[in-house]
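Student: structure for this input, please:
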Amino acid sequence: MKICGVEIKGNDAIICLLENSKGLFNIPDCRVRRLTLNQNTRDDLKAFQFAFGKLMADYNVDKVVIRERLMKGKFAGGALGFKMEAALQLLEGVDVVVISPSAVKQALQQNPLMVGFEETGLKPFQEVAFITAYAGHSEVVE
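Tutor: Numbering: from 1, shown residues only. Below is the predicted model of the structure:
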């Protein structure tokens with residue numbers, strides 16, 4: 001199963017693909033590490049949604065796992081980020097779920113990472129998306 005982990009930060013959707021085949025994890029090459037919503041217009045939001053959907057179709061992604069963001073408080077997400085999240089959740093033909101930070105933490109406690117993030121070859125800004133995808137696989141396996 002191929003999962004795309006997503007962290008929404010500002011006006012960027014940072015992504016990481018992670019595939020689990022017979023218990024072995026693989027990080028497939030991906031032409032995009034982040035998708036950006038440039039402006040807060042309807043057309044830009046539709047273009048963002050189309051680009052993300054096309055990317056998921058091109059890489060045959062089975063499931064998209066989005067890391068949930070707080071709605072209130074110091075680390076709350078902005079309005080634009082919530083629009084992006086809604087656009088991703090409304091994608092046709094892709095199973096999209098939102099996973100809470102506490103569920104990610106619990107998944108990592110039950111199934112710790114077998115390799116350090118530094119050894120994955122991913123960019124440092126993709127770490128949260130990678131961990132989200134890994135936790136998504138743990139949720140699927142159970």
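Student: tell me which other helices or strands the lengthiest helix in the chain touches.
Tutor: Ranked by residue count under DSSP state H, the longest helix found in the chain is helix 42-58. Helix 42-58 sits against strand 12-21, strand 34-36, helix 79-89, with contacts defined as 3 or more C-beta pairs under 8 Å, 6 or more residues apart in numbering; DSSP states H and E. Using the backbone N, CA and C atoms, a C-beta is placed for each residue, glycine as well.
Student: okay if I get the ones you listed as a markdown table plus mean pLDDT?
Tutor: A markdown table is the format used below for the helices and strands packed on helix 42-58 (pLDDT from 0 to 100):
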| stretch | mean pLDDT |
| --- | --- |
| strand 12-21 | 94 |
| strand 34-36 | 95 |
| helix 79-89 | 91 |
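Student: winner for burial among these?
Tutor: Compared across the helices and strands packed on helix 42-58, strand 12-21 shows the largest average neighbour count, a mean of 21 (mean count of other C-beta atoms under 10 Å).
Student: what's the angle from it to helix 42-58?
Tutor: Here strand 12-21 points in a direction 20 degrees away from that of helix 42-58 (axes from the mean of the first three to the mean of the last three C-alpha atoms, to 10 degrees).
Student: so what's the gap between strand 12-21 and the chain middle?
Tutor: Average the C-alpha atoms of strand 12-21, do the same for its chain, and the two points are 6 Å apart (C-alpha atoms, centre = their mean, to the nearest Å).
Student: circling back: parallel or antiparallel, which strands does the helix or strand just after the longest helix of the chain pair with?
Tutor: Following helix 42-58 in sequence order, the next helix or strand is strand 63-67 (DSSP states H and E). When pairing is defined by DSSP bridges, strand 63-67 lines up against strand 2-9 (parallel), strand 95-99 (parallel).
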